[in-house]
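> everything below, folded, please.
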Amino acid sequence: MTQDPGSGEATLLDSPERCPPLLESLDDAIDDPALPAAARMLLRRARDALRAARSDAQAARLRYHALFDAVPDPVSVLDADGVVLDLNRAGLQAYRRRREDIVGQPIEVLNPDLPRDHLAPVWSAVERGETYVIEVTNMRGDGSRFPVEVHSAGFEHEGRPCLVAVARDLSRRREAEVRYRELMEVMDRGVAIHDTAGRFVYGNSAALRLLGIRQGTSLGDAARLGEWVVIREDGTEMPVDEIPAVQALASGRVVESTLLGLYHRTRRQLYWLSVSAVPQFPAGGDRPHQVLSLFSDVTALKRDSTMFDRVQALAHIGGWELDGASDALYLTAESIRILDQDAPPATMAALVDTLHARDCPRLRDALDAALHEGVAFDIELQGVRVDGTGFWVRAIGGLRHGDPAGSRLTGTLQDIARSKHDEEILRVQARTDPLTGLLNRDAILTELEARMAGPARDRVAVLYIDLDRFKIVNDALGHNAGDELLISAAHRIRQAVGGEGVIARFGGDEFLVVCDAGRRGGDNAERVANAILAAFGDGFRFDAEEFAITASIGIACAPDDGDRPQLLIQNADAAMYDSKRRTRNGWQAFSPALAQSQQDRLRVETHLRRAIDNDEFHLVYQPQVDLRRGRTIAAEALIRWHHRQLGEMRPDHFIDHAETTGDIVRIGGWVLRAACRQVAAWRDDGLGIVRVAVNVSYRQLLGEDLAELVRSTLADFDLPGTALELEFTERVLIEDAPDTLRTFAALRDLGVQLSIDDFGEGYSALNYLRRLPIHGLKLSQLFLGGVPDNRSDVAVCQAVAGIARSLGLGLVAEGIESEAQRRFLLDLGVPVGQGFLFAPGLPPDEFARRLRHEAGD
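Numbering: from 1, shown residues only. As a prediction, the model looks like this:
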């Protein structure tokens, strides 16, 4: 009979072979009619208890083995004499032995080097209630050794003391330590470590070499502070508290790249070093116990610094000095490398000879002005190296400071070949859309202007392409998916157009094709448009998602549809919008009728911009009612526009125009103020505070401090925040920028109710919905039209109601027109609604009469 370590006393349950016969005997006894019924009942209970206990014991054994084998390090269980009772799967893999070669064997089979009494200190620590930790070398089945850190703890098994030992393989750590030591010795920067008392603990080979200390000399002896004087960059002695290592120990922070001099009194040598000091902390300590200093020898650079005061610390910059009297020229090694001639130019005349002919007089004139007029120069020059390759240099020069004769010039030569190459890349990039590789807006406009100014200007056509449903995909799957879609779309358009035209990404999801219109009324442009539409016939894939994206195309041909580039593009744009409005996934040629429609739209937009100033807007108020009792509990403010020429305009006739032009921000502010003024008027008439819901455009979130506008408006009319509800579109669920979240939080702090209007019509980002501090949702009337008969509409309504309940949000239904819809919503648990069943939008006085009538009831 066997048992897992740590599971307690062995019982019948641990011997599976003994349980079935006993269970069969119990079954026979239970079925024996000769036994009394009470006895058979007692036996039945005993059998059931035995089965349950056996099942529990088997589950416990499975859990033990699962946990035991899940440990990634070797774990062994030993008895008091060091015999291995059990070993997990990681141990078998680490020691590369079979289980039967280890279990039942003394622990020495894994470590033959253990001393005879190796368990004595282990049991001593266990008896003190501690874990015993030691580093030893274990042996694999093939005889190879590897270092381990063993943690041993005690436990009792079947009344006997046992050990559990976890062995952590240290091979990689030892290898890392060796690599670290090797790195310290081969690196060319000096590394020195000293403790808080100033005693040097370690110095690498580079440190000894840089400080002139011979091998075999004690670093502590050679680095005694009394032998050295620390000097600032200006030549004065550096106080002890300014030394980087001392600063790092005192502050506990890294001190970076400090230039200092070390002067050795005995050797009378000066070393200039660039030093960085890094404090090191002991485990669990809050103060450094030693400091590591890294330093490089910059003596040569410091020695030459007077000559190169004007040389910037940039790559590929050399220095030069010219004696104007003799024309003798001194060049640094970097300047010689940049020019790369057979022999370094010894005179300025020789350097001028290496330049292109157009640059020779430019340099001579600059040198003359510098020598005779003291005018510094900064010019770019091009020349030829000895191997025939070209070079670009930036030459900077002027009179040498401190030269009493004023005949010496000094300056720099910078290799700017790479920057010139980069400029060319930037020139190309300036004409290219970085995402798709197509031409950009500026480049296509230049191309179109050139074509319309050329001899073929009467055959130029513009195709304005817009991707249908791109915004839905971009909002639903994210900007990465949107970018992938644009790249794929550009590739399809490029394949469809081929060599027939020039393609550009005009902005967002809009593309432009400039091509030959054809000889018969734009037939070639129409053929290109059909090829593009065919290219969008197959769906697009992003990860596991596949979706259909089509294109709407507008065509405009010069000169009939425009004799200027901007006009031609504008009319192609108008034709594209007409195609999108009609069917999508098609093309539309520009026509005079479209021009008239465009003029009508422009006329609406012009009048709309003046509507506030002309006092042409007014609000009506649709009651929001308790669906069970029919009483008005709030209202929604709905804007109406009455124009003397255009007549009465509903919001769906002008709000889109306002969104496009940006006038919605000013209109939204007017609605907010007018609604609050009316609430204050009802209050003053004794009707109490009526909460009014006001629709807010997403542009208002972007274009102004909405929270401050609401706060000041409420204050102007002495209204509490609870008198106002703001309704936002679902777009805020997708574009929940930090500013939007802050605005929502500020509005909520004012007491203003916040809700999402027409929930479910757009892309309802539920992940974002839970993060916005909103109070409720409005169920779109789009889904109420078919209830209670349409199963799809019913399912959507049930889903939205479930979302609201699960998130603790209120729910208001819009567009209720029948008693059946009201009953359906009540059964669904929707408490509030609005619609023509109760009342349309009412003028303020009619709404007030409704409130008084309900109060009289």
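
> mind naming the longest helix for this structure?
helix 37-70 (DSSP state H).

> after that helix, which helix or strand is next? Please name it.
Following helix 37-70 in sequence order, the next helix or strand is strand 75-79 (DSSP states H and E).

> other SSEs contacting that next one?
strand 84-87, helix 89-95, strand 160-169 (3 or more CB pairs under 8 Å, 6 or more residues apart in numbering; DSSP states H and E). For every residue, glycine as well, the C-beta is placed using N, CA and C.

> buried residues, the longest one. List them.
Meaning strand 160-169. Buried residues in strand 160-169, defined by neighbour count with 16 or more other CB atoms under 10 Å: C162, L163, V164, A165, V166, A167, D169.

> cool, the shortest one as well?
Of the residues in strand 84-87, V84, L85, D86, L87 count as buried by neighbour count, 16+ other CB under 10 Å.

> next up, the contacts around the last one.
Contacts were defined as CB atoms under 8 Å, 6 or more residues apart in numbering; by that measure L87 touches P74, V75, S76, V77, R99, I102, V103.

> pretty sure the third one is touching G91, no?
Yes. Under the criterion of CB atoms under 8 Å, S76 lies in contact with G91, with a separation of 5.9 Å.

> neighbour-wise, which of the two wins?
Applying other CB atoms under 10 Å to S76 and G91 shows that G91 carries more neighbours, namely 26 against 22.

> that one and R541, how far apart?
48 Å (CB to CB, to the nearest Å).

> same thing with V148?
In this view, V148 and R541 are 51 Å apart by CB to CB.

> contacting residues for P72?
In this structure, P72 makes contact with A90, judged by CB under 8 Å, 6+ apart.

> from the buried residues of strand 160-169, pick the one nearest T606.
D169 (79.8 Å; CB to CB).

> show me the strands in the stretch 101-250 of the chain, by range?
For the stretch 101-250 of the chain, strands defined by DSSP state E, counting those that start in this stretch occupy the ranges 132-139, 145-157, 160-169, 190-195, 200-203, 228-231.

> neighbour count winner among V148 and R541?
Neighbour count, other CB under 10 Å: between V148 and R541, V148 has more, with 23 against 12.

> from memory the more buried one sits against V133, does it?
No. V148 lies out of contact with V133 (CB under 8 Å); the separation is 11.0 Å.

> picking up where we left off before, now the helices and strands packed on strand 75-79 in JSON lines, please, with extra columns for mean pLDDT.
Converted to JSON lines, those look like this (pLDDT from 0 to 100):
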{"stretch": "strand 84-87", "mean pLDDT": "90"}
{"stretch": "helix 89-95", "mean pLDDT": "88"}
{"stretch": "strand 160-169", "mean pLDDT": "89"}
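
> need the ones you listed in CSV (columns: distance to L782).
Below are the helices and strands packed on strand 75-79 laid out as CSV (distance: least, CB to CB, whole Å):
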stretch, distance to L782
strand 84-87, 67
helix 89-95, 59
strand 160-169, 63
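
> in PyMOL, how would I select the buried members of the contacts of L87?
Restricted to buried positions by 16+ other CB under 10 Å, the PyMOL selection for the contacts of L87 reads:
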select buried, resi 74+75+76+77+102+103
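
> which of the contacts of L87 lies closest to V460?
Using CB to CB, the contacts of L87 come closest to V460 at P74, 78.8 Å.

> residue contacts, that closest one?
Going by CB under 8 Å, 6+ apart, P74 touches L87, N88, A90, G91, A94, Y95, V148, V166, A167.

> nearest residue to H657 in space, please, no chain neighbours.
Nearest residue to H657 in three dimensions, chain neighbours excluded: E605, at 5.1 Å (CB to CB, 6 or more residues apart in numbering).

> residues of the strand or helix carrying the one you found that come out buried?
For E605, the host element (DSSP H and E) is helix 592-610. Within helix 592-610, the residues that qualify as buried are L594, Q598, V604, H607, L608, R609, counting by 16+ other CB under 10 Å.

> again, but for stretch 638-654
For stretch 638-654, a neighbour-count test (16+ other CB under 10 Å) marks L638, I639, W641, H643, L646, M649, F654 as buried.

> can you list those residues in CSV and add secondary structure?
Formatted as CSV, these follow (DSSP: H, G, I helix; E, B strand; the rest coil):
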residue, secondary structure
L638, strand
I639, strand
W641, strand
H643, strand
L646, coil
M649, strand
F654, helix
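
> and the residues you listed, which is closest to A746?
Out of these, the member with the shortest distance to A746 (by CB to CB) is I639, at 24.8 Å.

> in this structure the closest one contacts I664, no?
No. Contact criterion CB under 8 Å: I639 and I664 do not qualify, at 10.6 Å.

> now for the closest residue to L779 other than its chain neighbours, how many residues are close by?
Spatial nearest neighbour of L779, excluding adjacent residues (CB to CB, 6+ apart): A813 at 4.5 Å. Counted by other CB under 10 Å, the residues lying close to A813 total 29.

> show me what contacts A813?
For A813, the contact set (CB under 8 Å, 6+ apart) comprises L627, K778, L779, Q781, L784, L825, V830, V832, G833, Q834, G835.

> and it, bridged to which residues?
When assigned by DSSP bridges, A813 has beta-bridge partners L779, G833.

> what of R408?
Counting by DSSP bridges, R408 is bridged to D323.

> likewise F540?
Beta-bridge partners for F540, by DSSP bridges, are F547.

> okay but it is in contact with L485, surely?
Yes. Using CB under 8 Å, F540 is in contact with L485, at 5.8 Å.

> more crowded one of these two?
Counted by other CB under 10 Å, F540 and L485 do not tie: L485 has more neighbours, with 21 against 18.

> make sure I have this right: that one is in a strand.
No. Assignment of L485 by three-state DSSP gives helix, placing it outside any strand.

> next up, the contacts around it.
L467, F470, V473, N474, F540, F542, I549.

> still on that earlier bit, need the contacts of L87 in a markdown table (columns: pLDDT).
Listed next are the contacts of L87 as a markdown table, based on pLDDT from 0 to 100:
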| residue | pLDDT |
| --- | --- |
| P74 | 91 |
| V75 | 90 |
| S76 | 89 |
| V77 | 90 |
| R99 | 88 |
| I102 | 90 |
| V103 | 90 |
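
> so which of the contacts of L87 is the closest to A343?
P74 (70.8 Å).

> nearest residue to the closest one other than its sequence neighbours?
Per CB to CB, 6+ apart, closest to P74 is G91, 3.5 Å.

> looking at the contacts of P74, which is nearest L331?
Closest to L331, out of all of the contacts of P74 and judged by CB to CB, is V148, at 62.6 Å.

> so how far is A430 from D86?
72 Å.

> just confirm N474 contacts L486, I think it does.
No. The pair formed by N474 and L486 falls short of the contact definition of CB under 8 Å, at 9.1 Å.

> so what sits against both of the two?
D509.

> so how far is E242 from R232?
8 Å.

> also H118?
On the measure of CB to CB, H118 and E242 end up 54 Å apart.
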